[in-house]
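In: Quick check, what structure comes out for this input:
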Amino acid sequence: MNGNKRITHYIKEVCGQIKNKEVHAAIRLELENHFAEKIEDYREAGYGEDEATRIAIAEMGDPVAVGQQLHQAHKPRMEWSILSIVGVMLAIGLLTIYSLQIVPDQRNLIGRQLVGILMGSVIFVGILFWDYSKLKRYSQLLYFSTLILLLYTLLEGSLKNRIPGLHFGGVSLDFITISPFLLILALAGIFTTWKENNRNTLVKTIAYFLPPCLLFVLAEYEFTVLLYVISYIVLVIATKPTKLAVLSFLAVVFASVGGMFYLFGKPHQLDILIYYLDPYLEPDGRGYTIIQSLKTIKSANLWGQGFGSSVDTLHALESDFIFTYMVYLFGPIAGIAFFLLGVVLLVRFVHSIRRVKDLYGSMLLSGMLVLFFTPFFWSIFMTVGLVPPVPVSLPFVGFGIVHTVLHLSLLGLALNIYRRKDIQPLIKVS
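Out: Okay, here's the model as predicted:
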């Protein structure tokens, strides 16, 4: 067997131990380069081709052992702790919604929520085993397509005098709520490209920020504006610009958002802040929800009022105020435990981001960190009066097919990134 055939056979044995076929090409290329360098060194030292090949293969070691080491280093890994916590949250959500279901209510909430979880789980599995890096090449297209659809949604709603949304026959899709998620996925890829090519300028960063922000303000979706702004800021900081660039960008953000609300904002948007600061200015009007949420939580004893208890003083118990209802059912200890569960999930997410070496993957996770946990903690804090009440559903718990599918899809993408964190384009073998 000549030198080339022996090397080919050796590499084939190594790759035979590695179950993740996606890294075979990179490992094969790196091993071929490694052998070529070693053989050249031995030939310069006076060895013949066959002898140099034999020594190089002997130095490399047993191909089975080498392959097993590379398999352990580059096999996909699952973040089971995140998946387990989300599973617990989904179960808690179903239990709470079922409690609402057995109260006189004919809306079949539990059935529709199960449909959302089933649809989301199918998409979750599909995304989990997909190569997320392929999404990067479509970042520009995703950004501008989302912007166009967002503008169309607003114009259609304005022209037809109805709530903005994409309408397909009798089905309406709240695209404005979904659009920040699509935009952040797109911007993660755009920012990564800028970072890799050293073309991340302040002017371009602001230019990409302003159009969606203006459309969200015009749509009068206050929480969507907040979610988009925070996510965008986190992505900018994740690119590690200079302090001057960050401060300059923040100054522009606050000035432009403030100016947009001043020019296009409505009086009721300012009322949200005024009646949050003092809900008793109008206890039976715009301060009503905060007051009733606090009263409902206070009326729960240590272990709650019991499964199936009803609350008649609050609307949107299945979505916006599901945490209030959860505490009312199971007590403040259960509410605190659930909050701490969210903190643990946040810590696991941050831990995952630090372990991802791929810039694009870490940028995506940074954006998803905000997309998950801003609504999560806001929906909890607003029920106890710490932040203004806005329409926001508690992720993985609150009722809503679109939100459930969306959050499970993003979870699949997040776990996909972590799962593939050890799959590198080139493997260095010493």
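In: C-alpha from now on. contacts and neighbour counts both.
Out: Fine.
In: Residues touching stretch 61-71, excluding its own?
Out: For stretch 61-71, contacts defined as C-alpha atoms under 8 Å, 6 or more residues apart in numbering pick out 10-11, 13-20.
In: Quick one: those as JSON lines, columns for pLDDT too.
Out: Conversion of those to JSON lines gives the following (pLDDT from 0 to 100):
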{"residue": "Tyr10", "pLDDT": "81"}
{"residue": "Ile11", "pLDDT": "83"}
{"residue": "Glu13", "pLDDT": "82"}
{"residue": "Val14", "pLDDT": "81"}
{"residue": "Cys15", "pLDDT": "80"}
{"residue": "Gly16", "pLDDT": "78"}
{"residue": "Gln17", "pLDDT": "75"}
{"residue": "Ile18", "pLDDT": "76"}
{"residue": "Lys19", "pLDDT": "72"}
{"residue": "Asn20", "pLDDT": "69"}
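In: List only those of these flagged as buried.
Out: Of all the contacts of stretch 61-71 considered here, the ones buried according to neighbour count by 16 or more other C-alpha atoms under 10 Å are 10-11, 13-19.
In: for these, which one is nearest Tyr228?
Out: Ranking these by separation from Tyr228, with C-alpha to C-alpha as the measure, puts Lys19 on top at 40.0 Å.
In: three-state assignment of that closest one?
Out: coil (DSSP: H, G, I helix; E, B strand; the rest coil).
In: Going by secondary structure, the residue nearest the centre of the chain is in what exactly?
Out: The chain has Met368 as the residue nearest its centroid, 2.5 Å off, counting by C-alpha atoms, centre = their mean. Using DSSP states H and E, Met368 sits within helix 359-381.
In: Let me see the contact set for the residue nearest to the centre of the chain.
Out: 410, 414.
In: sorry, back to before: now the helix holding Met368, how far from the centre of its chain.
Out: 5 Å (C-alpha atoms, centre = their mean, to the nearest Å).
In: quick one: contacts of the helix or strand following it?
Out: Taking DSSP H and E as the definition, the helix or strand that follows helix 359-381 towards the C-terminus is helix 401-419. Under the criterion C-alpha under 8 Å, 6+ apart, residues 76-79, 112-113, 115-117, 119-121, 123-125, 127-132, 178, 352-353, 355-356, 361, 364-365, 368, 372, 393, 395-396 lie in contact with helix 401-419.
In: 6 Å - rerun?
Out: Helix 401-419 is contacted by residues 76-78, 116, 120, 123-124, 127-128, 361 when judged by C-alpha atoms under 6 Å, 6 or more residues apart in numbering.
In: and the two most separated of the residues you listed?
Out: The span of those, defined through C-alpha to C-alpha, is set by Pro76 and Gly116 at 27.7 Å.
In: would you turn the buried ones among the contacts of stretch 61-71 into a markdown table with distance to Ala207?
Out: Formatted as a markdown table, the entries for the buried ones among the contacts of stretch 61-71 read as follows, by distance: C-alpha to C-alpha, whole Å:
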| residue | distance to Ala207 |
| --- | --- |
| Tyr10 | 53 |
| Ile11 | 50 |
| Glu13 | 52 |
| Val14 | 50 |
| Cys15 | 47 |
| Gly16 | 50 |
| Gln17 | 49 |
| Ile18 | 46 |
| Lys19 | 45 |
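In: Quick check: of those, which lies closest to Leu273?
Out: Comparing the buried ones among the contacts of stretch 61-71 against Leu273 with C-alpha to C-alpha picks out Lys19 as the nearest, at 56.1 Å.
In: if you look at the contacts of helix 401-419, which of them are in helices?
Out: With helices identified by DSSP state H, the entries of the contacts of helix 401-419 that belong to them are 116, 120, 123-124, 127-128, 361.
In: What helix or strand is the residue sitting furthest away from the middle of the chain located in?
Out: Distance to the chain centre peaks in the chain at Gly46, reaching 57.7 Å (criterion: C-alpha atoms, centre = their mean). Here Gly46 sits in a region with no helix or strand, counting by DSSP H and E.
In: which outside residues touch stretch 113-125?
Out: With contacts defined as C-alpha under 6 Å, 6+ apart, stretch 113-125 is touched by 401, 404-405, 408-409, 412.
In: Give me the buried entries from those residues.
Out: The neighbour-count test (16+ other C-alpha under 10 Å) applied to those identifies 401, 404-405, 408-409, 412 as buried.
In: What is the most widely separated pair among those?
Out: Within the buried ones among the contacts of stretch 113-125, two members stand farthest from each other by C-alpha to C-alpha: Ile401 and Gly412, at 16.4 Å.
In: any weak-confidence spans in the stretch 101-250 of the chain?
Out: Filtered on pLDDT under 70, the stretch 101-250 of the chain yields the residue ranges 103-107, 157-172, 199-200.
In: hey, where'd the strands end up in it?
Out: Counting by DSSP state E, counting those that start in this stretch, residue ranges of the strands within the stretch 101-250 of the chain are 166-168, 171-173.
In: Give the other helices and strands that the host helix or strand of Ala255 contacts.
Out: Taking DSSP H and E as the criterion, Ala255 maps to helix 243-264. Counting contacts by 3 or more C-alpha pairs under 6 Å, 6 or more residues apart in numbering; DSSP states H and E, helix 243-264 is packed against no other helix or strand.
In: let's go with 7 Å and repeat that
Out: helix 202-219 (3 or more C-alpha pairs under 7 Å, 6 or more residues apart in numbering; DSSP states H and E).
In: Surely Ile176 and Leu151 touch.
Out: No: at 9.5 Å, Ile176 and Leu151 do not qualify as touching, with contact defined as C-alpha atoms under 7 Å.
In: that older thread, quick check: the farthest pair among the buried ones among the contacts of stretch 61-71?
Out: Farthest apart among those by C-alpha to C-alpha are Tyr10 and Lys19. That separation is 16.5 Å.
In: coming back round to it: now the angle from the helix holding Ala255 to helix 202-219?
Out: Here helix 243-264 points in a direction 30 degrees away from that of helix 202-219 (axes from the mean of the first three to the mean of the last three C-alpha atoms, to 10 degrees).
In: What separation do you get for the residue farthest from the centre of the chain and Leu95?
Out: As for Gly46, its distance to Leu95 is 76 Å (criterion: C-alpha to C-alpha, to the nearest Å).
In: Ok, Thr8 next?
Out: From Thr8 across to Leu95, the span is 58 Å (C-alpha to C-alpha).
In: who's more crowded, those two?
Out: When Thr8 and Leu95 are compared on other C-alpha atoms under 10 Å, the one with more neighbours turns out to be Leu95, at 17 against 14.
In: Now for Gly189, how many residues are close by?
Out: The criterion is other C-alpha under 10 Å. On that basis, Gly189 has 25 neighbouring residues.
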